[in-house]
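**Student:** 3D, please:
(2 chains)
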Amino acid sequence: MATYILRRTLQAIPIIIGISVVVFAIVYLAPGDPTARFRTPKVPPEQIEALIRAYGLDRPVHEQYISWASTFFQVWNPDAWGYSFLSGDPVLEKVLYRVPPTLLLMGSALLVTIVVAIPVGMLAALRQYSLTDKVITTLSTFTYAIPSFLVGAYALYFGAVLLPELTNGAIKFPSFGMESLGSRGDPLDLLWHLILPVLTLSVISIAGWSRYMRSSMLDVLHQDYVRTAKAKGLPRRAVIYQHALRNALIPIVTLIGLSIPGLIAGAAITETIFTWPGLGSLFVEAVGTRDYPVVLALTMVGGVAVIAGNLLADILYGLVDPRIRY
Amino acid sequence: MSGDPVGNDILLSVRDLRTAFDTMDGTVKAVDGVSFAIRRGETLGVVGESGCGKSVTALSILRLIERPGRIVGGSVDFGGRDLLAMSESEIRDVRGNRIAMIFQEPMTSLNPVYTCGRQIAETVQAHRSVSRAEAWEKAVEMLDLVGIPDAGRRAKQFPHQMSGGMRQRVMIAMALSTDPDLLIADEPTTALDVTIQAQIFELIARLREERRMAMLLITHDLGVIAEMADDVVVMYAGQVVEQGDVRSVMTDPHHPYTRGLLASIPRIGERRHRLEVIPGVVPNPLNLPAGCLFRRRCPYAMEICETPPHLTDLGGGRSSRCWLDAEGRAPEVTLPEAAHG
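**Tutor:** All right, here's what the predicted structure looks like:
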């Protein structure tokens, strides 16, 4: 197991280098540049020139890449990821500052998804073709087809506009940010702010995951060993929870591993809609202002998270399925 | 423990069992009015082609039929109680306890995520009030009994770490761990290679003998029936077409289908250019012919065969579902060569 993890980690190095080259190339080739927003008639061209020189944007592309990449992995250095073109803050600090809100938001959404989707999928599978199953399947197909920005907009409308109107302002969900003014650190306030964005994120993933769980469970329920378990005279509870569910969860565990990157990278659209101060909204801001160091850093974080998530999925798979050994 | 209030030696008696499957194209009568009885300690063989309803019959006895299948009618008398009329918890008490079952596919019949020992221990714990440790001990003892070497270590292994033959031994160990009165073996060796098949049958025969356990053996192989069974039931398209003790059915088959089955067994030392076959195919269960179901493949088909024949008692515990027998004249055994050629 340890050798397997070590080998996979070593294998990840060339992949990460590859990612860094591709990511850098994409950002370099993308139209627009960081000085664009200064280009107004009032700013003299010499000053733009000076900015370009100061940022090093006039140097050849390979030099730019090397100067960025050579320091990038020195994460113990606060300035390893360079400085934001926009604010001048160290990018590493800026990113780290945004990690906890994203982890909180995405982690809660993942938790809600798992807690709801697994029982819902199971229920649908155990009552295949019943009315319950049909309602669940139809609803999840319908929900899954709605884009997240629309779900977010509806959630905002219901939670922050319609509901306050209907209840005369008794219930009013906050429509932006992570905390109310002056209630920093109040967990209840934080929870209150979490509800709408978590709802937005989990509604769609519950739709997907429950369908996945349903088919996984159905697949397992038709296996010979489930029939064996019944033929042994085990109570229905034991047949379902010990013999069927345990096997049906194996692919779900992989799914959990694979959703780790999203946990770290954040949800750009939902975070932006709810102005959640996470990595996703930071990314949208950075792209909008062509803040190259931030865009590069976040894309790299996402890339590394995908690799780590895949490794984690494989490790978890080995833990839950005795047939897999590394 | 298995006191029989009736006082005869009949252990299980299936009467007019009917099981149907609802499909998009209509209802399939997979088992249509099957009756037979198994005496204590005796082996009853059920033989027939694939799809004749023999497995469905076995599954119906323990009520293991899943939707879209359903048991439509009949009764299964076991120790004075009708299994089909029992409550869920009562039938659970019979399953794996007084009637155990082993299946065709040892490769997939064991749960891949639990050790073999645990799966046997679980059966013991479901039916006996024993501690976890005692159940485990019993599991190891059973593995040893079915001839698995180094049973203590093997018990801790997962099914995928064992061969098909070993897994079927595990299934047998599991089935016998509660000392059942009846073992239902549904083609227990079909998925195994020939040398292993012989070993498994030898093992089953030995354990059955030692424990005076009755067995319902389902197979498509008349050779296995000849070797293992006392009585035989021949099934065709969901019905019993002939039954009786193995010796007399084998030497003096009455139903043309049984004759065809017997004729299609190649014999060692007999040079033949082609294997004997029964012409035609099993009728589509959604569209069964009127009258005798075997009529279209039967070399003796007559006009009267368009009326469904009933099971005729031939005496000596034998019966046949054929108009030839009903008319009271057993056909002279002259036709096979000409009819099948």
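
**Student:** use CA for all of it now, contacts and neighbours both
**Tutor:** Will do.

**Student:** Any chance you could list what contacts the least confident helix or strand in chain A by mean pLDDT?
**Tutor:** One helix or strand of chain A scores below all others by mean pLDDT, DSSP states H and E: helix A:260-265, with a mean of 80. When contacts are defined by C-alpha atoms under 8 Å, 6 or more residues apart in numbering or on different chains, helix A:260-265 is touched by residues A:99, A:102-103, A:106-107, A:279-280, A:298, A:301-302, A:305-306, A:308-309.

**Student:** helix, strand or coil for B:Leu12?
**Tutor:** B:Leu12 falls in the strand class when you classify it by DSSP: H, G, I helix; E, B strand; the rest coil.

**Student:** surely B:Gln159 meets B:Arg118?
**Tutor:** No, residue B:159 isn't Gln; it's Pro. No - the criterion here is C-alpha atoms under 8 Å, and B:Pro159 misses it with B:Arg118 at 10.9 Å.

**Student:** Show me which of those two is the more surrounded one.
**Tutor:** B:Pro159 (28 against 19; other C-alpha atoms under 10 Å in any protein chain shown).

**Student:** ok, that one - contacts?
**Tutor:** B:Pro159 neighbours (C-alpha under 8 Å, 6+ apart): B:107, B:110-112, B:114-116, B:167.

**Student:** do that again at 7 Å, thanks
**Tutor:** B:Pro159 makes contacts with B:110, B:112, B:115-116, B:167, as judged by C-alpha atoms under 7 Å, 6 or more residues apart in numbering or on different chains.

**Student:** From the contacts of helix A:260-265, which land in strands?
**Tutor:** Among the contacts of helix A:260-265, DSSP state E puts none in strands.

**Student:** and which of these is nearest chain B?
**Tutor:** Taking C-alpha to the nearest C-alpha as the measure, chain B lies nearest A:Gly309 of the contacts of helix A:260-265, at 23.7 Å.

**Student:** burial count for that closest one?
**Tutor:** Neighbour count for A:Gly309, taken as other C-alpha under 10 Å: 23.

**Student:** I'd guessed it sits against A:Thr254; true?
**Tutor:** No - taking C-alpha atoms under 7 Å as the definition, A:Gly309 is not a contact partner of A:Thr254, at 9.4 Å.

**Student:** ok, A:Phe85 to chain B distance?
**Tutor:** A:Phe85 sits 54 Å away from chain B, going by C-alpha to the nearest C-alpha, to the nearest Å.

**Student:** and that residue, what does it touch?
**Tutor:** Shown in contact with A:Phe85 (C-alpha under 7 Å, 6+ apart): A:Asp291.

**Student:** what are the phi and psi values for it?
**Tutor:** When read as degrees, to the nearest 10, the backbone of A:Phe85 gives phi -60, psi -30.

**Student:** Where do the domain boundaries of chain A fall?
**Tutor:** Following automatic domain parsing, chain A resolves into domains at A:16-72, A:95-320.

**Student:** Compare the mean pLDDT across those domains and name the weakest.
**Tutor:** Sorting the domains of chain A by mean pLDDT places domain A:16-72 lowest, at a mean of 86.

**Student:** just to revisit the earlier point, can you tell me which of the domains of chain A is most buried?
**Tutor:** Mean neighbours per residue, mean count of other C-alpha atoms under 10 Å in any protein chain shown, is largest over these for domain A:95-320, with a mean of 19.

**Student:** Need the distance between the two termini of that domain.
**Tutor:** In domain A:95-320, first residue to last residue: 34 Å (C-alpha to C-alpha, to the nearest Å).

**Student:** contacting residues for whichever residue of the stretch 151-300 of chain B sits closest to chain A?
**Tutor:** Going by C-alpha to the nearest C-alpha, chain A is nearest to B:His160 of the stretch 151-300 of chain B, at 6.7 Å. Taking C-alpha under 7 Å, 6+ apart as the contact definition, B:His160 lies against A:323, B:112.
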